[in-house]
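In: sequence and predicted model, in that order:
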Amino acid sequence: MKTMKRKYIIDTSAIFSGKPIDLGESEIITTLKVSDEITAGGRDYQNFQYLKEKGLIILTPTKNVIKEVEKISNKTGDKNRLSDTDIELIALALELKRKGDSEIIILTDDYSIQNVANTLNLKFESINQAGITKRFKWGYRCRGCGKKFKDSIKICPICGAEIRSIVSNKKIINNCSDKK
């Protein structure tokens, strides 16, 4: 039985970690938005240039898959916690997974990326810290009157106080990918 080739989708946090990224024969892929977050000069830029020399592939997912990830991240409550770069990264992983020719693993320390990835049954690995062990669904509650809201708003329409994020549901998950 032939084993599937691994493709690692790397987040900006993987580059900023300063840890060497040597994944053997695996492909290393990122998005154009991640590359845009790396500014010229300094250690992070040098790490990024080194990865490009080692074969880092830069791809952009389709707009339809990006919209799909935005919809899922809205359902989990992570939409406001994710940048456009994060959404694009998850969308790329989802798109590549659907091709079915490789095992796709997102390399990130970002818990919101991990939360949405887990919801989409995408594998992930952490770099510097332990990955998530629970999948969260976020809700919102007024700091003043305590009213709960499903959607993110900044100010309570009832009392005018600030709204804060709360965990409305959590589910214990299995580790999404085998550690190397």
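Out: Structure received.

In: put the alpha carbons of the helix-or-strand element of the chain with minimal mean pLDDT into CSV.
Out: Within the chain, no helix or strand scores below strand 163-172, which has a mean of 73 by mean pLDDT, DSSP states H and E. The C-alpha coordinates for strand 163-172 follow below in CSV (Å, rounded to 0.1, in the frame of the first residue of the first chain):
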residue,chain,number,x,y,z
ILE,A,163,-20.3,42.8,24.5
ARG,A,164,-17.7,40.2,25.2
SER,A,165,-16.9,36.7,23.7
ILE,A,166,-17.8,33.7,25.8
VAL,A,167,-17.6,30.0,25.1
SER,A,168,-21.1,28.8,24.4
ASN,A,169,-20.2,25.2,23.7
LYS,A,170,-17.1,23.0,23.9
LYS,A,171,-16.4,19.5,22.7
ILE,A,172,-13.3,17.4,23.6
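
In: helices or strands up against it?
Out: When contacts are defined as 3 or more Cβ pairs under 8 Å, 6 or more residues apart in numbering; DSSP states H and E, strand 163-172 packs onto strand 134-142, strand 148-149. Every residue, glycine included, has its C-beta placed from N, CA and C.

In: who's in contact with that strand?
Out: By Cβ atoms under 8 Å, 6 or more residues apart in numbering, the surrounding residues in contact with strand 163-172 are 77, 80, 133-143, 148-149, 152-156.

In: with stretch 142-161 instead?
Out: Residues contacting stretch 142-161 (Cβ under 8 Å, 6+ apart): 77, 79-80, 139-141, 162-166, 168.

In: in this protein, which residue is closest to the centre?
Out: Centrality entry for the chain: nearest residue to the mean C-alpha point is residue 113, 2.4 Å, by Cα atoms, centre = their mean.

In: for the closest residue to that one other than its chain neighbours, what are its contacts?
Out: Excluding its sequence neighbours, the residue lying closest to residue 113 (Cβ to Cβ, 6 or more residues apart in numbering) is residue 86, at 5.3 Å. Contacts here follow Cβ under 8 Å, 6+ apart; on that basis residue 86 touches 11, 110, 112-113.

In: distance of residue 86 relative to residue 60?
Out: 14 Å (Cβ to Cβ, to the nearest Å).

In: go on, residue 11?
Out: Going from residue 11 to residue 60 by Cβ to Cβ gives 15 Å.

In: could you look up the next helix or strand downstream of the helix or strand that residue 52 is a member of?
Out: In the assignment (DSSP states H and E), residue 52 maps to helix 42-53. Using DSSP H and E, the helix or strand that directly follows helix 42-53 along the chain is strand 57-59.
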